[in-house]
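after the sequence you'll find the predicted model.
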Amino acid sequence: MRPDIKICGLKTPDAVDRALKRGATHIGFIFFEKSPRYIEPDLAAKLAEPARGKAKIVAVVVDPTNDELDEIVSILKPDMLQLHGNESPEHVLTIKALYGLPVMKVFSVRTADDLKRVEAYIGIADRFLFDAKAPKGSELPGGNGISFDWSLLSWLDGSVDYMLSGGLNKDNVAEALFITKAPGIDVSSGVETALGVKSVAKIDEFFDAVEKANAPMMASGS
Ligand SMILES: O=C(O)c1ccccc1N[C@@H]1O[C@H](COP(=O)(O)O)[C@@H](O)[C@H]1O
């Protein structure tokens, strides 16, 4: 089965259109002001309109205040919140109770120990997202185009529903899927020509690579 595919950090109608045409299951908008992918909620709401009912609209936030969430949720009306900061299990529960939206909680991974934190969120977060740890000095908690050791995910309980992210691109996504069998994948900088600039050609190449990786094996010699 093809994994869920999230294209994140969208800022233009052509990139949204191409992601939807290629069958993205999720599209993400970044509400972290230091990011080159930051977007105002009202522009995100306009861009998201053609996606409603076709792909899940995901609002990506980092240790958000209730005021920030009030604004984003009321204007964008997302289908899901991606919590990309250090939100505690209690904070995740509070956010879910306040907004009634499913939450994808992000974990930054460098070693197997980083996966131990997941346990405290089981039954609380609706989905998990595993990203690489940001390099020292980076202002961005995500969107750094860096991968982690995908084999670490073999330590996860098989029932954990997650998306894999961090430095995925057309050249490595097949290997990432082969190693992890991830039920979902998420890409941002891997489909950009410059920081924050999405490329429809690169979006196409990414989907082509996933489809190729996912195609049934042809019986050799037949
Ligand atoms: O993309 C950003 O600028 C960003 C900012 C703040 C939090 C998350 C962000 N992006 C997320 O990072 C991962 C991986 O991105 P990449 O493919 O390695 O560039 C993805 O989940 C984005 O949602």
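Perfect, thanks for sending it.

list the contacts of the residue in the chain positioned nearest to the ligand.
Residue of the chain nearest the ligand, by Cβ to the nearest ligand atom: Gly143 (2.1 Å). No exception for glycine: its C-beta is placed from N, CA and C like everyone else's. Gly143 makes contact with Cys8, Gly9, Ile30, Ser35, Arg37, Ser188, Ser189 under the criterion Cβ atoms under 8 Å, 6 or more residues apart in numbering.

in strands, which of the residues you listed appear?
The members of the contacts of Gly143 that map onto strands under DSSP state E are Cys8, Ile30.

out of the contacts of Gly143, who's near the ligand?
Contacts with the ligand within the contacts of Gly143, as defined by Cβ under 6 Å from any ligand atom: Cys8, Gly9, Ile30, Ser35, Arg37, Ser188, Ser189.

neighbours of the closest residue in space to the fifth one that isn't next to it in sequence, how many?
The reference is to Arg37. Distance criterion Cβ to Cβ, 6 or more residues apart in numbering; nearest residue to Arg37, sequence neighbours excluded, is Gly9 at 3.4 Å. By the criterion of other Cβ atoms under 10 Å, Gly9 has 28 neighbours.

pull up the per-residue confidence for Gly9.
Predicted confidence (pLDDT) for Gly9: 98.

you'd agree it is up against Ser35?
Yes. Gly9 lies in contact with Ser35 (Cβ atoms under 8 Å); the separation is 7.4 Å.

what is in contact with those two at once?
What both Gly9 and Ser35 touch, as defined by Cβ under 8 Å, 6+ apart, is the set Gly143, Gly196.

quick one: low-confidence ranges for the chain?
Scanning the chain for pLDDT under 70 picks out the ranges 216-222.

which residue is nearest the middle of it?
Asp186 (4.0 Å; Cα atoms, centre = their mean).

ok, the closest residue to Ala125 other than its chain neighbours - how many residues close by?
Excluding the flanking residues, the one nearest Ala125 by Cβ to Cβ, 6+ apart is Lys105, at 3.8 Å. Lys105: 25 surrounding residues under other Cβ under 10 Å.

so what's Lys105 up against?
Leu83, Glu87, Val92, Tyr121, Ile124, Ala125, Arg127, Phe128, Leu129.

if we can go back for a sec, wait, is the residue nearest to the centre of the chain part of a helix?
No. The assignment for Asp186, made by DSSP: H, G, I helix; E, B strand; the rest coil, is strand rather than a helix.

ok, the closest residue to it other than its chain neighbours - contacts?
Of all residues not flanking Asp186 in the chain, Ser165 sits nearest, at 3.7 Å (Cβ to Cβ, 6+ apart). Each residue near Ser165 by Cβ under 8 Å, 6+ apart is listed here: Lys6, Cys8, Leu129, Phe130, Asp131, Gly142, Ile185, Asp186, Val187, Ser188.

the last one contacts Arg37, doesn't it?
Yes. Shown here, Ser188 and Arg37 form a contact pair, counting by Cβ under 8 Å, at 6.8 Å.

mind listing the shared neighbours of these two?
If you check Ser188 and Arg37 against Cβ under 8 Å, 6+ apart, the residues they both contact are Cys8, Gly9, Gly143.

of these, closest to Pro41?
Gly9 (14.9 Å; Cβ to Cβ).

now do the phi/psi pair for the closest one.
Main-chain dihedrals, Gly9, degrees, to the nearest 10: phi 80, psi 30.
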